[in-house]
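Visitor: just to be clear, the model below is a prediction. Sequence and coordinates:
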Amino acid sequence: MNRDQIFEKVQEIFRDIFDDEDLNISDSTSSNDIEDWDSLNHINIVVAIEKEFKIKFNFNELSSLKDVGAMVDLMIEKIKNNE
Amino acid sequence: MNNFLFADLHIGLAQSFEVVLDDQKLQSFLAISGDHNPLHTDEDYAKTKGFKSKVVYGLLSSSFYSTLVGVYLPGKFAILHGIDIQFVGPVFVGDQLQVYGVIKYINEAYKQIEVKAHITNQGGKKISKATIKIGMIDE
């Protein structure tokens, strides 16, 4: 799975969680850009990604992420380690 | 009351309890909610709609999911994050319900667990099922 494919799935997860079929995210999207991105939805995003990609994050990794692009980069690293 | 810590929890850990839904509980829920729809308050009306007696409020029987989380699984250190409930059968006054939940997912980073739960009546028929997200506040 390449980065674009991963990104597309992440976008689907965001659309599902924020209940917005028109939502478009980019590498630079962060919680400042989506009004409903609160702490509970943040957990929902992380759990949905963990389940979809069969990976696990730890708290310190997540704390250092500044935007969606950084999250996707971390995911790629973890998916590779799983292979 | 159980007081499982996050470290005690594992996938497959299950808890259950039983409760009888008597008319007093129905009356109390009516007083709290103000939902006086005749399906819940008028025996004759409920019968004309094909039910054997007054139908217990779905959110009253579902209130035991709150008890499952706050008292049994995980108990004291729980904070409810979200619940998705589906009703699959009616509940009537006098029914004895069994409430069951099992941990299906654990998020280590944010200490959130996901419990799959269901409620069955005295005949073993499922009356509702739920997916419950619970945060842990044991620190």
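Guide: It's in. Source: prediction; values computed, not measured.

Visitor: let me know how buried A:Leu40 is, in neighbour terms.
Guide: A:Leu40 has 15 neighbours, counted by other CB atoms under 10 Å in any protein chain shown. Bear in mind the C-beta positions are built from the backbone N, C-alpha and C, glycine included.

Visitor: so what's the nearest residue to it once chain neighbours are set aside up against?
Guide: Spatial nearest neighbour of A:Leu40, chain neighbours left out: B:His81 (5.8 Å); criterion: CB to CB, 6 or more residues apart in numbering or on different chains. Going by CB atoms under 8 Å, 6 or more residues apart in numbering or on different chains, B:His81 touches A:40, A:43, B:112, B:133-135.

Visitor: who wins on neighbours among those?
Guide: Neighbour-wise, the contacts of B:His81 (other CB under 10 Å) top out at B:Ile134, 25 neighbours.

Visitor: which residues does that residue contact?
Guide: Contacts of B:Ile134 by CB under 8 Å, 6+ apart are B:69, B:74, B:78-81, B:112-115.

Visitor: and those residues as JSON lines, adding pLDDT and distance to A:Lys56?
Guide: Converted to JSON lines, those look like this (pLDDT from 0 to 100; distance: CB to CB, whole Å):
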{"residue": "B:Val69", "pLDDT": "98", "distance to A:Lys56": "24"}
{"residue": "B:Pro74", "pLDDT": "98", "distance to A:Lys56": "20"}
{"residue": "B:Ala78", "pLDDT": "98", "distance to A:Lys56": "22"}
{"residue": "B:Ile79", "pLDDT": "97", "distance to A:Lys56": "22"}
{"residue": "B:Leu80", "pLDDT": "97", "distance to A:Lys56": "23"}
{"residue": "B:His81", "pLDDT": "97", "distance to A:Lys56": "19"}
{"residue": "B:Gln112", "pLDDT": "97", "distance to A:Lys56": "13"}
{"residue": "B:Ile113", "pLDDT": "98", "distance to A:Lys56": "14"}
{"residue": "B:Glu114", "pLDDT": "98", "distance to A:Lys56": "14"}
{"residue": "B:Val115", "pLDDT": "98", "distance to A:Lys56": "19"}
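
Visitor: having no further points to raise, I will conclude here.
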